[in-house]
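K.L.:
Sharing a model that was predicted from the sequence below.
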Amino acid sequence: MGFDAYEVAVEIITELRRPLERLDRRDKDLARQMRKAASSVVQNVGEGRRRQGKDRLHLWRIAAGSNAEVRAGLRVAIEWGYLDRGALAKADSLLDREQAMLWRLTGGA
């Protein structure tokens with residue numbers, strides 16, 4: 001069985017691939033920043049699961065911040081009219097789930 005926070009983070013990238021391709025045609029900088037943030041979630045969760053103590057918590061806190069950054073980027077893209085809120089429902093649900101898992105992993109910090 002896999003590490004759920006890692007698997008959900010990967011699923012977020014899968015879900016955002018096409019919307020970010022569309023966004024790239026309208027706002028390359030925002031799309032690039034969101035790709036980096038989504039990748040950061042996966043990378044920091046993956047690395048954190050192999051670390052111990054404060055090092056682990058630090059990486060998971062970074063992942064939580066990056067997850068929040070992806071959500072903020074989606075909000076910006078929606079408000080600018082670049083992406084449709086309804087088409088992002090599954091991604092939004094996965095981002096909520098990831099944030100909740102990271103909150104539990106970090107003890108709410």
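P.N.:
Received the coordinates, thanks.

K.L.:
mind listing the helices in this protein by residue range?
P.N.:
Secondary structure of the chain (DSSP state H): helices at 4-26, 28-48, 53-79, 89-105.

K.L.:
ok, the most centrally placed residue in the chain - contacts?
P.N.:
The residue lying closest to the centre of the chain (CA atoms, centre = their mean) is N67, at 3.5 Å. Listed by CB atoms under 8 Å, 6 or more residues apart in numbering, the contact partners of N67 are A9, I12, A37, V41, L95, E98, Q99, L102. Any C-beta I mention is one placed from the backbone N, CA and C, and that applies to glycine too.

K.L.:
which non-adjacent residue is nearest the third one?
P.N.:
Using CB to CB, 6 or more residues apart in numbering and skipping residues adjacent in sequence, the residue nearest A37 is E69, 4.1 Å away.

K.L.:
For the one you found, grab the count of nearby residues.
P.N.:
Residues lying near E69 (other CB atoms under 10 Å) number 17.

K.L.:
what's the answer for R49, then?
P.N.:
So R49, with other CB under 10 Å, has 14 neighbours.

K.L.:
so it makes contact with A9?
P.N.:
No. Using CB atoms under 8 Å, R49 makes no contact with A9, being 11.1 Å away.

K.L.:
Between those two, which contacts overlap?
P.N.:
Counting by CB under 8 Å, 6+ apart, no residue touches both R49 and A9.

K.L.:
hmm, back to that, buried ones only from the contacts of N67, please, as a ChimeraX command.
P.N.:
Only the buried entries of the contacts of N67 go into this ChimeraX selection, using 16 or more other CB atoms under 10 Å:
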select :9,12,37,41,95,98,99,102
